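1. need coordinates for the below:
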Amino acid sequence: MTVTQASLTAFARRLFEHLPRADQRRWAHVYLEGLLTAPGKKSVRRIAAAASESPTAPQSLQKFVNTSPWDWMPVREKLARWVEQQLPLRAMVIDQAILRKRGQHSCGVHRRYLASTGRSVTCQVGVGAFLASDDAALPVDWSLLLPRAWIGDPLRRARARIPDEARAWPFATHVLELAGPGSAGARSRPLPVVADLDSSSGASVVIGRLALMERDFVIAVPGNLKILGCCPRTPCHVSASFHGPLLPAYGLHERDRGFPVRTEDVAGIGHLGAETVTSCFVHVPEQGSGAPLRTYRLLAVRSGAKGRSAQLWLTNMLDTPTEDVLILAGLLSRTAGAVRDMEEHVGLLDFEGRSYPGWHHHMTLVSAAYAYRLLGSAPRREGSRLLQCERMPLRTRQPGGDRTLGPLRYDERGHVVFEEDVLVHRTR
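-> Numbering: from 1, shown residues only. As a prediction, this is how the structure comes out:
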């Protein structure tokens, strides 16, 4: 990849101009350039050799990333604003990234079983907020999942400089933190939130909190999520303290459901490959007293592939066409491709430090390098798009009318097709 120095300098100045010391701004630029240009593994020594002539650059870069006390949140906020200006965004996708590690001393490292491979690995788990368009998903904010073994060990906490307020939060809590108004990805017009809580506890809490924030969302939910079927045209007087007969979400497949259900055929969309979608309006019991239950739409998406069970999605976008809801759900597959690209091209797994601040500094710089690699280094023609559309566009609600965004195009291998050969993302 060719990096234009003037363009990169302007990009780095935009993100790091708030840093109080000149040496911090300088080493931020060097680290960013090294992530983009150093061949192979992005070790501190290789980054220094690729982007600096100073004999003390390796030590200075190590100090800048691991011990220099700079705040990563303003950088992430500026990165998010920059990405918003580059792409027509559709959603904020929140997903986990498994960061494989060697040894036991990196902050948050632990053994974890991966159902996708059937094996346990030593890893850190980052939870990323990705701003997603038709073209790509770019991370702009991160949190680190800390196991109880780290939170409850004072010596480990001290060595890794884990802040006092850090807790062993479940994935659902990380989703709410990253989607909240104080996150780096917060906007004046919040994007719909897309996340997979199929295998996580706390789905009902996330649903209720996002609805309370007035955030649109499309969430993959577990089959045992408790629901109450309803008819949207009939006023529902059931309160949040209701303890009557509830169905698990997988009850949507049963013949005698006792509430209206709609079944429709849709063309394959993205990685979902959906053929049949069954949907209905439901309530999800929430904690609280007296407040009427909100109405959501539950969708069971059945793939044409044999042996695959239906995937359940819950959304509060009641008037949005089914195809558009599935397009949003399909954006979840972008994150896996983004993580692989970041591993291969900008050193996502190459952080050599062990501290909590160092991890956040590295993830911030890697995210900035990835965004620049995709959007800042390849000039586009005026008015052109990275991705061409070939099916009905997504309609999103905006003040003053709907906004139209283009949908996705795939090649015969299931890869998203880009103009100008900028990058190819593979679906799961």
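
2. check contacts around V346.
-> Counting by C-beta atoms under 8 Å, 6 or more residues apart in numbering, V346 makes contact with L35, L36, K42, V366, A369, Y370, R373. The C-beta positions use only the backbone N, C-alpha and C, and glycine is treated the same way.

3. the fourth one - how many residues pack around it?
-> Using other C-beta atoms under 10 Å, the number of residues around V366 comes to 25.

4. what kind of secondary structure is it in?
-> helix (DSSP: H, G, I helix; E, B strand; the rest coil).

5. and it, how far from A211?
-> 33 Å (C-beta to C-beta, to the nearest Å).

6. and E77, how many neighbours?
-> E77 has 18 nearby residues by other C-beta under 10 Å.

7. okay, now the residue nearest to it when sequence neighbours are not counted: neighbour count?
-> Computed as C-beta to C-beta, 6 or more residues apart in numbering, the closest residue to E77 that is not its neighbour in sequence is A184, at 4.8 Å. When neighbours are defined as other C-beta under 10 Å, A184 has 23 of them.

8. just G152 next, same as before
-> So G152, with other C-beta under 10 Å, has 10 neighbours.

9. from G330, how far out is it?
-> Distance, G152 to G330, using C-beta to C-beta: 39 Å.

10. cool, and L299?
-> 13 Å.

11. try S200
-> Taking C-beta to C-beta, one finds S200 at 20 Å from G330.

12. of all the contacts of V346, which comes closest to R156?
-> Nearest to R156 out of the contacts of V346 is V366 (C-beta to C-beta; 24.1 Å).

13. mind telling me which residue is nearest the centre of the protein?
-> I94 (2.9 Å; C-alpha atoms, centre = their mean).

14. that one should be in a strand, yeah?
-> Yes. The assignment for I94 is a strand, going by three-state DSSP.

15. quick one: contacts for the nearest residue to it once chain neighbours are set aside?
-> Closest residue in space to I94, ignoring its immediate chain neighbours: A195 at 4.5 Å, by C-beta to C-beta, 6+ apart. By C-beta under 8 Å, 6+ apart, the contact list for A195 reads V93, I94, D95, V175, V206, F217, I219, A220, L332.

16. mind redoing it with 10 Å?
-> 91-96, 127, 129, 171-172, 174-176, 178-179, 203, 206, 210, 217-221, 332 (C-beta atoms under 10 Å, 6 or more residues apart in numbering).

17. do L197 as well
-> 94, 170-172, 175, 203-207, 219-222, 225, 314.

18. buried subset of those, written for ChimeraX?
-> Restricted to buried positions by 16 or more other C-beta atoms under 10 Å, the ChimeraX selection for the contacts of L197 reads:
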select :94,171,172,175,203,204,205,206,207,219,220,221,222,225,314
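
19. nearest to G347 among the contacts of L197?
-> Of the contacts of L197, the one sitting nearest to G347 (C-beta to C-beta) turns out to be I94, at 22.7 Å.

20. what's opposite that closest one in the beta bridge?
-> Going by DSSP bridges, I94 is paired in beta bridges with A129, A195.

21. same question for C280.
-> Here C280 sits in beta bridges with L298, as judged by DSSP bridges.

22. L318 is in contact with that one, correct?
-> No. At 11.4 Å, C280 does not count as touching L318 under the criterion of C-beta atoms under 10 Å.

23. who has more neighbours out of these two?
-> Higher neighbour count among C280 and L318: C280, with 22 against 11, using other C-beta under 10 Å.

24. on that earlier part again, S200 and G330 - which one has more neighbours?
-> With other C-beta under 10 Å as the criterion, S200 and G330 differ in neighbour count, and G330 comes out ahead with 22 against 19.

25. quick one, what contacts the nearest residue to E352 once chain neighbours are set aside?
-> Residue nearest to E352 in three dimensions, not counting chain neighbours: V44, with 6.0 Å by C-beta to C-beta, 6+ apart. Counting by C-beta under 10 Å, 6+ apart, V44 touches 31, 34, 38, 57-62, 64-66, 350-353.

26. any idea which of those residues is closest to R13?
-> Once C-beta to C-beta is applied, the member of those that ends up nearest R13 is Y31, at 14.4 Å.
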